[in-house]
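*Asks:* What follows is a predicted protein model with its sequence.
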Amino acid sequence: MKQLVFILELIWLGLAIFCIGLGAWVMVKAGLNSGYIFFVMAAVAFLMYMLRRSRRKKMQKQEQ
């Protein structure tokens, strides 16, 4: 279970990084109006990463 929680955490971080890259690429190719949605999705994914990380840390602290 611990490993699954950590893997999900990494997936959220990877999604955030991917969205930033994709947003930058779309912004260069099509302009700012087309690329902003990817930056919003990156922000949401990063917030989910931080939420999962804090919950995992609390879970680990309770087990000790």
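*Replies:* Arrived safely. In this text, all values refer to a predicted model and were calculated from it rather than measured experimentally. Residues are numbered from 1 along each chain as shown.

*Asks:* any chance you could map the strands in the chain?
*Replies:* Read by DSSP state E, the chain holds no strands at all.

*Asks:* so where's it uncertain?
*Replies:* Low-confidence segments of the chain, defined by pLDDT under 70, are absent.

*Asks:* would you list every one of the helices in it?
*Replies:* 2-30, 32-63 (DSSP state H).

*Asks:* Now that Cys19 has come up, it's in contact with Gly35, right?
*Replies:* No: assessed by C-beta atoms under 8 Å, Cys19 is found out of contact with Gly35, at 10.2 Å. All C-beta atoms are positioned from the backbone trio N, CA, C, and that covers glycine.

*Asks:* More neighbours: these two, which one.
*Replies:* Neighbour totals were compared for Cys19 and Gly35, and Cys19 leads with 20 against 17 (other C-beta atoms under 10 Å).

*Asks:* which residues sit in contact with the more buried one?
*Replies:* By C-beta atoms under 8 Å, 6 or more residues apart in numbering, the contact list for Cys19 reads 38-39, 41-42, 45.
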